[in-house]
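Colleague: Only the shape, not the letters, is given here:
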């Protein structure tokens with residue numbers, strides 16, 4: 001008996017069609033990647049150059065490769081006393097910058113929330129006019145009013161103090177505008193319910209509006225902290241004592257300390273302080289980034 005072998009038919013499966021390339025998506029990603037490289041490359045160059053000694057930096061300029069002075073430059077930048085009086089180091093300037101940044105942001109948030117609360121909920125006769133007067137101060141930046149502000153601080157004896165650094169700058173039309181828009185979107189039913197429960201103006205503000213404003217507070221905090229951290233002109237005018245210098249000003253101070261001598265400026269330490277000055281704002285943004293996006297985009301309460 002012979003076995004008849006029949007060829008096995010191979011199961012054929014249709015070939016998966018390749019998805020067409022979306023050149024618009026490729027173009028978008030290319031632009032984003034190039035933009036990221038353009039932003040990161042200067043920071044990388046500063047970090048790499050901060051690992052070289054001052055003679056090599058003065059001779060060859062900015063570097064792409066790393067040297068052997070990384071720990072030395074950062075250690076001296078943070079803990080070695082310097083300046084004209086040899087009484088200030090990077091850690092003290094970092095503390096001053098943190099006090100200025102946090103005081104600036106927290107002060108602006110408190111003042112802005114209270115101003116917006118009064119404009120929205122107290123039904124003042126000239127509330128709208130008061131808001132627009134506040135809003136028009138956006139047309140008057142610090143540089144425009146710096147001379148009268150400086151004169152007022154000098155007469156009040158607040159020069160070379162943290163209060164002199166912070167208080168003249170905490171009024172914020174931007175923060176008032178954002179909080180006003182946020183408070184106006186709070187349902188009127190919530191206000192009526194709080195009134196029926198016997199909540200007074202202070203209790204309603206602290207127990208209801210502040211918790212509802214967490215995301216907006218986080219968003220404003222990031223903006224104001226970074227703005228206060230990067231202040232250079234105002235601290236330069238108000239502080240004449242090196243113990244009150246901020247980190248942003250201290251970077252310039254390192255390179256100026258040897259202008260009248262024959263020594264080479266400490267470029268490596270100055271660049272090290274530049275990298276250190278970047279870290280706190282980056283950490284603040286990373287920590288609050290989710291709340292920051294919600295605070296600027298979320299409108300439902």
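Modeller: Yep, that arrived. From a predicted model like this one, the values you see are computed outputs, not experimental measurements.
Colleague: Could you use CA atoms for every contact and neighbour count after this?
Modeller: Noted.
Colleague: Tell me, please, the helix or strand in this protein that averages the lowest pLDDT.
Modeller: One helix or strand of the chain scores below all others by mean pLDDT, DSSP states H and E: helix 247-256, with a mean of 77.
Colleague: name the helices or strands packed onto it?
Modeller: Applying 3 or more CA pairs under 8 Å, 6 or more residues apart in numbering; DSSP states H and E, one finds that helix 247-256 contacts helix 90-121, helix 267-297.
Colleague: in it, what's buried?
Modeller: Across helix 247-256, burial judged by 16 or more other CA atoms under 10 Å covers 247, 248, 249, 250, 251, 253, 254, 255.
Colleague: Hmm, the fifth one is touching residue 275, no?
Modeller: No. Taking contacts as CA atoms under 8 Å, residue 251 lies outside contact range of residue 275: 10.4 Å.
Colleague: can I get the helices and strands packed on helix 247-256 in a markdown table with mean pLDDT and distance to residue 173?
Modeller: Formatted as a markdown table, those follow (pLDDT from 0 to 100; distance: least, CA to CA, whole Å):
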| stretch | mean pLDDT | distance to residue 173 |
| --- | --- | --- |
| helix 90-121 | 91 | 7 |
| helix 267-297 | 83 | 16 |
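Colleague: between those helices, which one is nearest to residue 56?
Modeller: Ranking the helices and strands packed on helix 247-256 by distance to residue 56, with CA to CA as the measure, places helix 267-297 first at 9.5 Å.
Colleague: Name the residues of the closest one that come out as buried.
Modeller: In terms of neighbour count (16+ other CA under 10 Å), helix 267-297 has its buried residues at 267-277, 280-281, 284-285, 291-292, 295.
Colleague: quick revisit: save the buried residues of helix 247-256 as TSV, and put in distance to residue 187 too.
Modeller: Shown next, in TSV, are these (distance: CA to CA, whole Å):
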residue	distance to residue 187
247	44
248	44
249	46
250	48
251	49
253	52
254	54
255	56
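Colleague: Good, we can wrap up now.
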